[in-house]
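Please work out how this folds:
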Amino acid sequence: MPQDDHKGDLWTYERFQPGHVFGVIPIQTDAGKRADWGRVFGPTSDRLPRGMLVTAMMEAYIRAIQPRPDGNVHASQELAFTEAQANWGDTVLVTVSLVAKEERKGRYWVRFGIEAHVGDAQVMTGTIRSIWAA
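Numbering: from 1, shown residues only. Below is the predicted model:
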């Protein structure tokens, strides 16, 4: 894994190196999150809705890459869910990494990889493409 000697510095395009792992971020799907989910979408079974996995992914992505510049644009995402089951109360472990970066038409494009696990089971993979502001 590449070293990052700039801990605490703003994440800029120049700092990004493909292959860099920002970390494994634990997201607890606790009773509070379940209650919040239920207020918006109604009650659910004990199985964690896939939308909550997406919420966990976004929380991990935001927490993993800090501090970040203002003005980034979440351009797209691609997600794939597995048949493995996650349940309310599980801790979802989300690994966030940098897959690629490119400068195109004066904009900094970055693609982040996401892998979500519950225990040893992979529950989701994906990528997030962003236009990075700095």
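
max-length helix in this protein?
helix 50-64 (DSSP state H).

Name the residues of it that come out as buried.
Within helix 50-64, the residues that count as buried by 16 or more other C-beta atoms under 10 Å are 52, 53, 54, 55, 56, 57, 58, 60, 61, 64. C-beta here means a position set from N, CA and C on the backbone, and glycine is covered the same way.

helices or strands next to the strand or helix carrying residue 37 in the packing?
According to DSSP states H and E, residue 37 maps onto helix 31-41. Helix 31-41 sits against helix 50-64, with contacts defined as 3 or more C-beta pairs under 8 Å, 6 or more residues apart in numbering; DSSP states H and E.

Packing partners of the helix it packs on?
Judged by 3+ C-beta pairs under 8 Å, 6+ apart, the packing partners of helix 50-64 are strand 21-28, helix 31-41, strand 73-81, strand 91-104, strand 107-118, strand 121-132.

residues in contact with the third one?
By C-beta atoms under 8 Å, 6 or more residues apart in numbering, the list of residues contacting strand 73-81 from outside reads 50, 53-54, 57, 109, 114, 123-131, 133.

quick one: low-confidence parts of the chain?
Within the chain, the ranges that satisfy pLDDT under 70 run 1-7.

thinking again about what came up before, residues contacting the longest helix of the chain, please?
For helix 50-64, contacts defined as C-beta under 8 Å, 6+ apart pick out 22-23, 25, 27, 29, 33, 37, 41, 79, 81, 86, 92, 94, 96, 112, 114, 116, 123-124, 126, 128.

And the residues you listed, which of them are buried?
Of these, these count as buried by 16+ other C-beta under 10 Å: 22, 25, 27, 29, 33, 37, 86, 92, 94, 96, 112, 114, 116, 123-124, 126, 128.

Please identify the most buried of the helices and strands packed on helix 50-64.
Among those, ranked by average contacts under mean count of other C-beta atoms under 10 Å, first place goes to strand 107-118 (a mean of 20).
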